[in-house]
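# Got a sequence here, can you build the structure:
(one chain, ligands or ions: 1)
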Amino acid sequence: MTQALPKGLIVSCQARADNPLHGPMFMGAMALAARDGGARGIRANSPEDIRAVAAAGLPVIGIHKVFSDEHPVYITPDFDAAAAIVEAGAAIVALDCTPRPRRGEHPQILIRRILDELHAEVFADISTLDEGLAAADWGATYVATTLSGYTEYTEPKPDHPDLALLEALSTRLSVPVVGEGRFNTPDWIRRGFDAGAHAIVVGTMITNPREITRMFVQNGVRA
Ligand SMILES: CC(=O)N[C@H](C=O)[C@@H](O)[C@H](O)[C@H](O)COP(=O)(O)O
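Numbering: from 1, shown residues only. As a prediction, the model looks like this:
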């Protein structure tokens, strides 16, 4: 089966409401810049931003973040969120496939409905090997390390990607495995591909000038 997501670098173009670059105009421009720099795909949040980044002509991994005080799951937590981003032009839907409480369907049901009813591919964001194996069993088209370090039961936010998880998934799975989360330098990306990644998603270090500036200030500036 041919997948929509090519091998290579995928750039995540996201800016939350408190970020000066929030909004479809900026995210659309980021996607064009990423395409011209060699990105093979774009990850974007919300129907508005997805419509804007689609103009770059690359495959889009769409997410729809819905934050709530009641549930820890916020990345595409239910079927309506998935349907809205497919309608906006995402051929691939990424969703949280951890077993944590959510407002929508169990991920097993959600994956099936996205495949069968929306005819989109499914990109499973997971945080452990078991979660990745389960998501692939349930039919996910891709499995990605996105949530490692961001669930209560995984190592809290180390400053490097989870290469061990990437390698374990690549060894065990036949679906393409994607590295995502804290791939902050080209060297980490190389190591990610060496560990078996089909693609690597980079966000912050390419599309978030506020965090890039902070990193320079904290690590390079002498007071
Ligand atoms: C945990 C979570 O919500 N991750 C989000 C998923 O869409 C984004 O905030 C990240 O920026 C993205 O995964 C890329 O990772 P990094 O920015 O580290 O390159």
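
# got the residues of the chain near the ligand?
Applying CB under 6 Å from any ligand atom, we find that the chain lies next to the ligand at 12, 14, 63, 146-147, 150, 180-183, 201-204. C-beta here means a position set from N, CA and C on the backbone, and glycine is covered the same way.

# I'd like the residues you listed as JSON lines, with neighbour count, distance to Val122 and pLDDT appended.
Converted to JSON lines, these look like this (neighbours: other CB atoms under 10 Å; distance: CB to CB, whole Å; pLDDT from 0 to 100):
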{"residue": "Ser12", "neighbour count": "25", "distance to Val122": "17", "pLDDT": "99"}
{"residue": "Gln14", "neighbour count": "21", "distance to Val122": "19", "pLDDT": "98"}
{"residue": "Ile63", "neighbour count": "29", "distance to Val122": "12", "pLDDT": "98"}
{"residue": "Thr146", "neighbour count": "26", "distance to Val122": "13", "pLDDT": "98"}
{"residue": "Leu147", "neighbour count": "23", "distance to Val122": "15", "pLDDT": "98"}
{"residue": "Tyr150", "neighbour count": "17", "distance to Val122": "19", "pLDDT": "96"}
{"residue": "Glu180", "neighbour count": "27", "distance to Val122": "15", "pLDDT": "98"}
{"residue": "Gly181", "neighbour count": "27", "distance to Val122": "18", "pLDDT": "98"}
{"residue": "Arg182", "neighbour count": "20", "distance to Val122": "23", "pLDDT": "97"}
{"residue": "Phe183", "neighbour count": "27", "distance to Val122": "22", "pLDDT": "98"}
{"residue": "Val201", "neighbour count": "27", "distance to Val122": "15", "pLDDT": "99"}
{"residue": "Val202", "neighbour count": "26", "distance to Val122": "21", "pLDDT": "98"}
{"residue": "Gly203", "neighbour count": "21", "distance to Val122": "20", "pLDDT": "98"}
{"residue": "Thr204", "neighbour count": "18", "distance to Val122": "24", "pLDDT": "98"}
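
# Now go through those and say which are in strands.
In strands, judged by DSSP state E, the following of the residues of the chain next to the ligand are found: Ser12, Ile63, Glu180, Val201, Val202.

# and the residue nearest to Ala39 when sequence neighbours are not counted, what does it touch?
Distances taken as CB to CB, 6 or more residues apart in numbering put Val11 closest to Ala39, at 4.2 Å, once the chain neighbours are dropped. Val11 makes contact with Met30, Ala31, Ala34, Ala39, Gly41, Ile42, Arg43, Val201, Val202, Gly203, Ile206, Thr207 under the criterion CB atoms under 8 Å, 6 or more residues apart in numbering.

# Which member of those residues is positioned nearest Phe123?
If you rank those by distance to Phe123 using CB to CB, Arg43 comes first, at 8.5 Å.

# tell me which residues in the helix or strand bottoming out on mean pLDDT in the chain are buried?
Every helix and strand of the chain was ranked by mean pLDDT, DSSP states H and E. The lowest is helix 209-220, at a mean of 95. Using 16 or more other CB atoms under 10 Å as the test for burial, helix 209-220 gives no buried residues.
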